[in-house]
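K.L.:
Sharing a model prediction with you, sequence too.
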Amino acid sequence: MHGARAVPSVPALDVAPPWGTRVRYARRMPFRSALRALNDPNSVAHGVVSTGVVAALALIDPRRLTVGQRAIYRLANAGLAAWVVGISFRSADPSGSIPPMGRAALVAGMGGATLGFAEAGEAVDARVHDAIARAGAAHPRRWLAAGGAILALGSWGLGRALDTPEDTPEPEEVVVDLPEDIRTLAAHLLSATDDFGAPELRTQLADARRLVFDDSDDEFWPDAQLAVSDDLPKAVPSNATFPVVGRFHAFNDLTFDVRLMVTDGVLTSIVVEEGADWAAEQRDAWYESGRHLGELGNWPVPGDLALFVETREGLRPIGV
């Protein structure tokens, strides 16, 4: 359908059951949304979490830590500083005028500077702590944590106010036609089997449209959210990542996986993710270099994909 080539059907008995440990449920989508919110410097989630981390670190008295514990404490402070600087580029440099390597250098520099001034910062912390204690406070650390939380929350609120003018309308989701290249790509995965609710999902795909925000630009990102009529048949399992995966290569032979997400029996999205076969070192290098999936530039075509199915032993090429 929609130009997808026929693929041998997957024998049901060779595949891990939908409730098996190998199936990645569509709960990952809320997690993905939460992670994006956490890394948005203007989101409430970021404000709450960053404030909580600052307060938690302020509750720790570095003078009472062992050498190893103090090293972890300092790394936590450096990591927090680097994280805040890294995500601040979303609002400070939305056009991407600073290249990825430049951003990585600034983030690393902030982390290094925090480590370099750690001893001086701890000395100041000790003086403030002792001054609060001499003033008669029973729990100086709690006062330090409260002060740190107020400063962190105030800084977040000020930054948010400056970055988000009051007259800026909230973006709204709108429904548009689903591009045929995305529909064809999803149909290719669904044509590989008649199990896992594939017939119902194919019916839904024929009717599907795309959800976008009305303020979105034309920048490519391989995550298409779908809208499907409520009266169409629902798929079972009702909440899952469809077990057929399309894998392709890009950027000097790195692998990437095309996956379909199902929520409440409805096809909700088609996404491209980093390949499940990436080693931890590859994944770390990818993120540390500031690279992202938008650099792919376009959706792959069915001819680029090798199809796999999730089994008890992991991903297995279809037809093997």
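P.N.:
Here it is on my side, so go on. Numbering: from 1, shown residues only.
K.L.:
all strands of the stretch 201-320 of the chain, in order?
P.N.:
Remark: strands assigned in the stretch 201-320 of the chain by DSSP state E, counting those that start in this stretch are 209-213, 223-227, 240-241, 244-250, 254-263, 266-274, 306-311, 314-317.
K.L.:
which of these is buried the deepest?
P.N.:
Across those, the average number of neighbours (mean count of other C-beta atoms under 10 Å) peaks for strand 240-241, which reaches a mean of 23. The way it works is simple: take the backbone N, C-alpha and C, and place the C-beta from them, glycine included.
K.L.:
Tell me which other helices or strands that one touches.
P.N.:
strand 254-263 (3 or more C-beta pairs under 8 Å, 6 or more residues apart in numbering; DSSP states H and E).
K.L.:
Make TSV from the strands of the stretch 201-320 of the chain and add mean pLDDT to it.
P.N.:
TSV is the format used below for the strands of the stretch 201-320 of the chain (pLDDT from 0 to 100):
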stretch	mean pLDDT
strand 209-213	88
strand 223-227	93
strand 240-241	92
strand 244-250	96
strand 254-263	95
strand 266-274	94
strand 306-311	94
strand 314-317	92
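K.L.:
for those, which one sits closest to residue 198?
P.N.:
For residue 198, the closest of the strands of the stretch 201-320 of the chain is strand 244-250, at 8.0 Å, according to C-beta to C-beta.
K.L.:
between the closest one and strand 254-263, how many degrees?
P.N.:
Angle, strand 244-250 to strand 254-263, by axes from the mean of the first three to the mean of the last three C-alpha atoms, to 10 degrees: 150 degrees.
K.L.:
contacts for strand 244-250?
P.N.:
The contact list for strand 244-250 (C-beta atoms under 8 Å, 6 or more residues apart in numbering) reads 10, 185, 188-190, 192-193, 196, 255-260, 275-276, 296, 300, 302, 304-310, 315, 318.
K.L.:
Residue 48 and residue 38, how far apart?
P.N.:
9 Å (C-beta to C-beta, to the nearest Å).
K.L.:
What of residue 319?
P.N.:
Taking C-beta to C-beta, one finds residue 319 at 41 Å from residue 38.
K.L.:
which of the two has more neighbours?
P.N.:
Neighbours were counted for residue 319 and for residue 38 using other C-beta atoms under 10 Å; residue 38 has more, 16 against 11.
K.L.:
which residues touch that one?
P.N.:
Contacts of residue 38 by C-beta under 8 Å, 6+ apart are 45-46, 49.
K.L.:
Could you rerun that using 10 Å?
P.N.:
45-46, 48-50, 83, 87 (C-beta atoms under 10 Å, 6 or more residues apart in numbering).
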